[in-house]
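Q: Sharing a sequence plus its predicted fold:
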Amino acid sequence: MRQSKLFTKTRKEAPADEVSKNAELLIRAGFVHKEMAGVYSYLPLGLRVLKKIENIIREEMDKVGGQEVLMSTFQPKENWEKTGRWNDLDVLYKVSDASGHELALGPTHEEIVVPILKNYISSYKDFPVAVYQIQNKFRMELRSKSGILRGREFMMKDMYSFHTSQEDFENFYEKMKEVYKTIFKRSGVGHITYMTFASGGTFSKYSHEFQTITSAGEDTIYVDEEQAIAVNKEVLDGEVLAQLGLNKEKLVEHKAIEVGNIFDLKTKYSAPFDLSFTDDKGEKHTVLMGCYGIGLGRLMGTVVEALADDKGIIWPESIAPYAVHLLALGEDEAVLSEANKIYESLVKAGIEVLFDDRTGLSAGEKFSDADLLGIPFRAVVSARSIKENGIELKKRTEEKGKVITLDELIKHVR
RNA sequence: CGGGCUGUCGUAUACCGGUAGUACGUCUGUUUUGGGAACAGAUAGACUGGGUUCGAUUCCCAGCAGCCCGACCA
């Protein structure tokens, strides 16, 4: 992508109404645009990051046999009445059409996925099943805050698993714990993300959250570094510590943001819809369920919060909008044509490159923009680099670069 | 949802019951070009509605919006 054609621009100042680091940087860099409190549009660069995260999640969900679907955002009121959540779930957006008929905007999809599955599965031979989707969710947060960390409209991956026995569920649940760890590792925050014992909300007594340590976090967790697990403050008591085999003395308190959560639903949602199966003896049983969520935008914002420095964003290679940020310095014809050639070669080599071919900007401005955008590698073409017969490559996280050849560059970032 | 704060160009601010100004940004042009350069020109603003007043951006009321604390949060 030629930066001169990119319609978004960077900003020197942060918007007045944003305090959180993730929103400030993402807006200044032109990744997102704020529409209203807790509602953001994703612009070209931001969408690329979101898609990268989406693909990592999709790959991992597919690995455990997840079947991707896309369920409706509009949800029938009757289904919500069946589970008793029409009036109980205060984050539920209720809308009505011209005839006054009420419906819900999906904040989660148990009320949709269960009736769908009921249509297709009824024998023990059909199990286990796991379906997932990646879709916008709507929740009436009374207080949206922290930029894209807590929105009213946000992209989420939600998976639902269906089982014939508690044992089968638990096997799958354990697998999902590992899958989640893999996802956060691949997204670049594995080293600061802990599986955290937490409240089960309306589902069960306990659940497992995946908490990433960052000062912008809303939750307080207690981490046992050795065992690499944590306990959410909300459930921290002697009983829980004993159950997990944790020593209170060893726990370290941290602020953290919940990037994922997995639940044992048991029959809470299968029962109201009578989702059942017939076992090998011809007996009917209610299906057991689990659900597994990850907020994509929240994960993106968390990465910004956790990894950015005072110059701007620092993207992990796995989710960066581009692999290389190629800068052409100066207006010199030789530099511009050389930079163009390098750009074409990189594109041909299948490398994702953002080419700062803008004219009329000083070197300092281009460097500052590159730092703000946070692309992992910066490749500079200038009179100086040409004299040295190469391209100056620098990591976003490093101070100094080194001059290398085009072939080396391609090898390096591929 | 309870509490608090705030609404003047994109940002930061000034003045003021009587023509809304400055700086930065942004845009155009020229000259520059290895860490946000210089000059010239241009652009753009009183949240909305009511009230008081000869006159309201300013005072009063209501609404709306944004932010912060708390509660809430598969």
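A: Ah, there it is.
Q: What is the burial count for A:H191?
A: Neighbours of A:H191 under the rule other Cβ atoms under 10 Å: 10. For every residue, glycine as well, the C-beta is placed using N, CA and C.
Q: which SS state does the closest residue to it other than its chain neighbours fall under?
A: Of all residues not flanking A:H191 in the chain, A:K185 sits nearest, at 7.9 Å (Cβ to Cβ, 6 or more residues apart in numbering). Using DSSP: H, G, I helix; E, B strand; the rest coil, the three-state assignment for A:K185 comes out as helix.
Q: what's around A:A328, how many residues?
A: Applying other Cβ under 10 Å, I find that A:A328 has 26 neighbouring residues.
Q: ditto for the one 3 residues further on
A: By other Cβ under 10 Å, the residues close to A:E331 number 10.
Q: Correct me if wrong: it contacts A:L361.
A: No. A:E331 is beyond contact range of A:L361, at 9.8 Å (criterion: Cβ atoms under 8 Å).
Q: Pop out the phi and psi values for A:S318.
A: Dihedral pair for A:S318: phi -70, psi -30, per degrees, to the nearest 10.
Q: still on that earlier bit, distance check, the residue nearest to A:H191 against A:E59.
A: 13 Å (Cβ to Cβ, to the nearest Å).
Q: do A:G282 as well
A: If you measure A:G282 against A:E59 using Cβ to Cβ, the figure is 39 Å.
Q: Tell me which of these two has more neighbours.
A: A:E59 (12 against 6).
Q: can you pull the pLDDT of the more buried one?
A: Here the pLDDT value assigned to A:E59 is 98.
Q: and it, what element?
A: Per DSSP states H and E, A:E59 falls inside helix A:44-63.
Q: Repeat that for A:K177.
A: Applying DSSP H and E, one finds A:K177 within helix A:166-186.
Q: so after that helix, what's the next helix or strand?
A: Remark: after helix A:166-186, the chain's next helix or strand is strand A:193-199, criterion DSSP H and E.
Q: List the neighbouring strands of the lengthiest strand in chain A plus their orientation.
A: Among the segments of chain A that qualify as a strand by DSSP state E, the longest is strand A:252-266. The sheet places strand A:252-266 alongside strand A:206-213 (antiparallel), strand A:219-224 (antiparallel), strand A:288-295 (antiparallel), with pairing taken from DSSP bridges.
Q: would you turn those strands into TSV with distance to RNA strand B, mean neighbour count and mean pLDDT?
A: Below are the strands paired with strand A:252-266 laid out as TSV (distance: least, Cβ to the nearest atom of the strand, whole Å; neighbours: other Cβ atoms under 10 Å; pLDDT from 0 to 100):
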stretch	distance to RNA strand B	mean neighbour count	mean pLDDT
strand A:206-213	6	24	93
strand A:219-224	7	20	94
strand A:288-295	3	24	96
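Q: Next, give phi and psi for the residue of the stretch 51-200 of chain A found nearest RNA strand B.
A: Residue of the stretch 51-200 of chain A nearest RNA strand B, by Cβ to the nearest atom of the strand: A:T108 (2.3 Å). Backbone dihedrals for A:T108, given as degrees, to the nearest 10, come out at phi -170, psi 170.
Q: I figured it hits A:Y160, correct?
A: No. Taking contacts as Cβ under 8 Å, A:T108 lies outside contact range of A:Y160: 9.7 Å.
Q: which of these two has more neighbours?
A: Taking neighbours as other Cβ under 10 Å, A:T108 and A:Y160 compare with A:Y160 leading, 28 against 21.
Q: The more buried one reaches A:G293, doesn't it?
A: No. In this structure A:Y160 lies outside contact range of A:G293 using Cβ under 8 Å: 9.9 Å.
Q: sorry, back to before: which other helices and strands does the helix holding A:K177 contact?
A: helix A:44-63, strand A:153-163, strand A:193-199, strand A:206-213, strand A:252-266, strand A:288-295 (3 or more Cβ pairs under 8 Å, 6 or more residues apart in numbering; DSSP states H and E).
Q: how far off strand A:153-163 does the last one point, in degrees?
A: The one in question is strand A:288-295. 160 degrees (axes from the mean of the first three to the mean of the last three Cα atoms, to 10 degrees).
Q: before we move on, the earlier item: what is the neighbour count of the residue nearest to A:H191?
A: Neighbours around A:K185, by other Cβ under 10 Å: 14.
Q: cool, A:K175 as well?
A: 15.
Q: One more: A:E178?
A: Neighbour tally, A:E178, other Cβ under 10 Å: 12.
Q: same thing with the one 3 residues further on?
A: By the measure other Cβ under 10 Å, the count of residues near A:K181 is 17.
Q: which residues sit in contact with the most centrally placed residue in chain A?
A: Nearest residue to the geometric centre of chain A (Cα atoms, centre = their mean): A:L296, 2.6 Å. Applying Cβ atoms under 8 Å, 6 or more residues apart in numbering, we find A:L296 in contact with A:L50, A:I53, A:E54, A:I57, A:I134, A:F154, A:M155, A:M156, A:K157.
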